[in-house]
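>>> compute the structure for the input listed below.
(chains A and B)
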Amino acid sequence: MQRYILRRSAQGLLAIIVISMVVFALARVTGDPTQVLLPDEASEEQILQTQIEWGLDKPLHIQYFVYIKRLTRGDLGNSFKWAGVPASELIAERLPATVQLSAFALLISAAIAFPVGVLVAVKKDTGIDYAGKMVAILGQSAPSFALGLILMWVFAVQLDWFPTSGRGGLSHMVLPGVALGYYNVAALMRLTRSSMLEVLDTEYVKLARIKGVSERRVIWKHCFRNALIVPLTYFGLIGAVLITGSVVTETVFAWPGLGALVIEAILARDFTVVQAVVLLFAFTFILINILVDILYAYIDPRIRYS
Amino acid sequence: MAIVALPKRGFIDSLPGGPAVTQGLAWARRYPLLPGFVLLFVLVIPAIFANQIAPHDHRIGDLDLVKRPPAWIGDKIAEQTVVQKQDRRVARQGEITLSSATRRMKRGTATFLEGGGDGTVDVGDKLRVVIRQGGTWTYPLGTDKQGRDILSRIIHGSRVSLTVSVLAIALGGGLGVILGLLAAYKGGITDTLIMRLVDIKLAFPSILLALVLVAAWKPGLLTVIIVISVLLWARYARVVRGEAMAIMNRDFIDRAQVAGASNFRIMARHIFPNLMNTAVVLATLEVGHVIILESTLSFLGAGIPRPTPAWGVMVADGRELIVAAWWIFFFPCVAIVLTVLSMNLLGDWLRDKLDPKLRNI
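Just a heads-up that it's a prediction; the model follows:
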């Protein structure tokens, strides 16, 4: 097990290094950052001075090593667009909003997906089952910006139940939370359904029923707990879905989080901020995946990594 | 196990490329074509015949008919009393200023209810005012803020989606199949390298990678196609590698080797045809994914640039008018959802028919 964790961590580190190189190289291709820093009518001299100031006059690989050296000290570099503000400060400012929204979305999706997944499994091949399937398929066919805008139009513009955008109290969180969590609802529901069906068919469930255990107890105590393992593995993917989703959903609902920040930074060619956020996202994503794999082995002792 | 119709020995087989033809025929005979028609009607026909089908020009709008609602929505009418000047702080419902009433009267969008005996508008008259004109069947789904027909733009937009999906999947899928085959066949260091690359690619949230890539180049059709194919290849490589490894254990590969077939020939003529089912299923399942990616990029302003009527761009245009003119964002959304939905259903159906073991992906 220790060897497995070590190997996965090494692989993760390698992935992050490669990603940092790719993003670093790509960001430099997007154009000269001095154009962002200086007005159009800047003189040659000013441009040169700014380049020296920001270390942009050095060759690319030297710039990369400087970047890595600073990174190990926790310095993510300064933003071009937001006049020299450290990227880490910008991230720290925006991170709580993203964490809040993602946690809320996760909560919503779990609260909807598990009960409904159990319900459609128990009511297999009835109208409820088909309706659940249709809703899930429909949901997975809608891009999150379309879903977000339709939700906004129905519940904020027409019905006026929630505010259209921005960050504030709980009511501000409902629409973006649902838009962000919906994709997970569909996937989690399907997984819960199929693994519930599997468990419902096992011998020990039949035995419990023969013993006269109440149906409710059979479903929630005997089946649901065992069926939960499969959907839990999916939580590794949820990290990716939430990160991807947050970029779009935050833009649609003007939610001041990291996703909106990275879009602004990309459109403004502010590559220090892009690099910082992308690295953070990649790191989170890889970490979640490793943790889930390890956790999985603890939940289900039949799984052995070698 | 790949369920592949083994070609019957016969005339076609003796032709160059014959086995593939036999296989294609057997395939077409075995499965009905219904989902193909669905695909045809949703995406392909409107895209190919966009110029013939679209009722209006998708680039130039009628500036007299800006932001018209869909045809079934009638005039929005209100009774308003004419006042000299409007107090902005008080609710304006039921009041209209003298100047705007005169203007509307001239245009014919207001008629007298009370007063107006002398033919001119005076303070205190009651008017029946058309606040927003209804739709006409000339523009079934309404017009956008430049007066362009939304239906025509959606029809032309399907061209973008079709082009991007076909080319991106051909490019990304082709690359993935080749790399997967190589990894399985060569093994050793090639395999390790390719599969590590796949891991790294899959460890990265795709929309973010796409955004960075598009920003690095100029947004445009070609960029979007290349970027999306960069996102697609990894999944193909992984699945194809697994499949190819299973096929390589079969006897006919050993026999081909004994018979002196070259590596290329074994890969191209003996392994590759057996991967076709998997590749087709994966390709169909990916179309929906590609359409979502493309429209998301366009929506975020990092995809197809204006004025090309990509669906994502249309939604982005309609977004700011969500309160005043919902139809501008709504119908492109419906087009995306319906297309992706039908492609997903088609993909599921194909997978169940051709390659049930792919169910988990």
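>>> okay, buried residues for the helix or strand where B:Gly347 lies please.
Here B:Gly347, judged by DSSP states H and E, is contained in helix B:327-354. Within helix B:327-354, the residues scored as buried using 16 or more other CB atoms under 10 Å in any protein chain shown are B:327-333, B:335-337, B:339-351, B:353-354. The way it works is simple: take the backbone N, C-alpha and C, and place the C-beta from them, glycine included.
>>> near chain A too, which of these?
B:Phe329, B:Phe330, B:Cys333, B:Ile336, B:Val337, B:Val340, B:Leu341, B:Asn344, B:Leu345 (CB under 8 Å from any CB of the partner chain).
>>> from the residues you listed, pick the one nearest B:Ala246.
Ranked by distance to B:Ala246 (CB to CB), these are led by B:Asn344 at 26.6 Å.
>>> low-confidence regions, the stretch 101-250 of chain A specifically.
A:233, A:235-237, A:239-240, A:244 (pLDDT under 70).
>>> equivalent analysis for the stretch 201-350 of chain B, please.
Using pLDDT under 70, the stretch 201-350 of chain B drops low at B:203, B:205.
>>> now do the helices in it.
Assigned by DSSP state H, counting those that start in this stretch, the helices in the stretch 201-350 of chain B fall at B:206-216, B:221-248, B:251-258, B:263-265, B:272-299, B:311-319, B:327-354.
>>> same question for the stretch 51-200 of chain B.
B:98-107, B:150-186, B:188-202.
>>> could you do chain A as well?
Ranges of helices in chain A, per DSSP state H, are A:2-29, A:34-37, A:44-54, A:60-72, A:87-122, A:127-140, A:144-151, A:170-200, A:203-210, A:215-217, A:225-227, A:229-252, A:258-267, A:271-299.
>>> the fourth one packs against which elements?
Here helix A:60-72 touches helix A:2-29, going by 3 or more CB pairs under 8 Å, 6 or more residues apart in numbering or on different chains; DSSP states H and E.
>>> how far does the helix it packs on sit from the chain's center?
The chain centroid and the centroid of helix A:2-29 are separated by 18 Å under CA atoms, centre = their mean, to the nearest Å.
>>> what of stretch B:176-185?
Relative to its chain's centre, stretch B:176-185 lies at 29 Å (CA atoms, centre = their mean).
>>> show me what counts as buried in it.
If you call a residue buried by 16+ other CB under 10 Å, then stretch B:176-185 has these buried ones: B:Gly176, B:Val177, B:Ile178, B:Leu179, B:Gly180, B:Leu181, B:Leu182, B:Ala183, B:Ala184, B:Tyr185.
>>> same check on stretch A:73-90?
Applying 16+ other CB under 10 Å to stretch A:73-90 flags A:Leu76, A:Gly77, A:Asn78, A:Ser79, A:Phe80, A:Lys81, A:Trp82, A:Pro86, A:Ala87, A:Ser88, A:Leu90 as buried.
>>> bridging across strands, which residues link to the third one?
Spelled out, it's A:Asn78. A:Pro86 (DSSP bridges).
>>> how about it, what does it touch?
Listed by CB atoms under 8 Å, 6 or more residues apart in numbering or on different chains, the contact partners of A:Asn78 are A:Gly84, A:Val85, A:Pro86, A:Ala87, A:Thr272.
>>> any chance of these in TSV, with pLDDT too?
Rendered in TSV, the data for those read as follows (pLDDT from 0 to 100):
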residue	pLDDT
A:Gly84	71
A:Val85	79
A:Pro86	81
A:Ala87	80
A:Thr272	79
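>>> nearest to A:Leu291 among the residues you listed?
Closest approach to A:Leu291 among those (CB to CB): A:Ala87, at 25.6 Å.
>>> from A:Ser246, how far off is that closest one?
18 Å (CB to CB, to the nearest Å).
>>> if I look at A:Lys221, how far off is A:Leu175?
With distances taken as CB to CB, A:Lys221 is found 36 Å from A:Leu175.
>>> which one of these two is surrounded by more residues?
It is A:Leu175, of A:Lys221 and A:Leu175, that has more neighbours when counted by other CB atoms under 10 Å in any protein chain shown, with 24 against 13.
>>> show me what contacts the residue lying closest to B:Met245 once chain neighbours are set aside?
Nearest non-adjacent residue to B:Met245, counting by CB to CB, 6 or more residues apart in numbering or on different chains: B:Ala184, 4.8 Å away. Contacts for B:Ala184 (CB under 8 Å, 6+ apart) come out as B:Asp191, B:Val240, B:Arg241, B:Gly242, B:Ala244, B:Met245, B:Met248, B:Ile271.
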